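**Student:** 3D model of this:
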Amino acid sequence: MYSLALDFAAEVYRLSERFPDHERFGLTNQMRRAAVSVSLNIAEGRGRGTDREFIRFLMISRGSLFEVVSASQIAHRLNYLDAESLNILRQQARTLSAKLMTLIKRLGPVPSS
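**Tutor:** Numbering: from 1, shown residues only. As a prediction, this is how the structure comes out:
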């Protein structure tokens, strides 16, 4: 799953290279930060030492994943991202989200905030 998160971030970087220069500090930056956040939160949560903390960070990772999907839909509507690229990101996100939820359920109940 961690490896998939790294692949996802690399794909977001690759696809966002085509975005206009004026989006460098806007949508491009936001998508990239959210995509990197997926793997970083998996790693940080794993390093926390408790299942409860790991679950919390996995949920944050999932939120970042949804953020990338939303940003990619905006990029598509602005014609920065073609339909095929959007579908690739959506599929990768679906796969990652399913794996995150499987692990979360295996670790125990989701902690309340």
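**Student:** pick out the residue nearest the middle of this protein.
**Tutor:** Leu65 (2.7 Å; Cα atoms, centre = their mean).
**Student:** tell me the SS of it?
**Tutor:** Here Leu65 is helix, with the state taken from DSSP: H, G, I helix; E, B strand; the rest coil.
**Student:** try the one 5 residues further on
**Tutor:** Each residue gets one of three states, and Ser70 gets helix by three-state DSSP.
**Student:** quick one: the helices in the protein?
**Tutor:** Using DSSP state H, the helices found in the chain span residues 2-16, 27-47, 51-77, 83-107.
**Student:** identify each buried residue in the first one, please.
**Tutor:** Read that as helix 2-16. By neighbour count with 16 or more other Cβ atoms under 10 Å, helix 2-16 contains the buried residues 4-6, 8-9, 11-12, 15-16. Quick note: C-beta positions are derived from backbone N, CA and C, even for glycine.
**Student:** for the third one, same thing?
**Tutor:** Of the residues in helix 51-77, those with enough neighbours to count as buried (16+ other Cβ under 10 Å) are 51, 54-62, 64-65, 67-69, 71-72, 75-76.
**Student:** what's the answer for the last one, then?
**Tutor:** Taking 16+ other Cβ under 10 Å as the neighbour-count basis, helix 83-107 is seen to contain the buried residues 85-86, 88-89, 92-93, 96-97, 100, 104.
**Student:** picking up where we left off before, so the residue nearest to the centre of the chain touches Asn41, yeah?
**Tutor:** No. If you go by Cβ atoms under 8 Å, Leu65 and Asn41 don't touch, sitting 9.8 Å apart.
**Student:** residues touching Ile104, list them.
**Tutor:** For Ile104, the contact set (Cβ atoms under 8 Å, 6 or more residues apart in numbering) comprises 55, 58-59, 62, 110.
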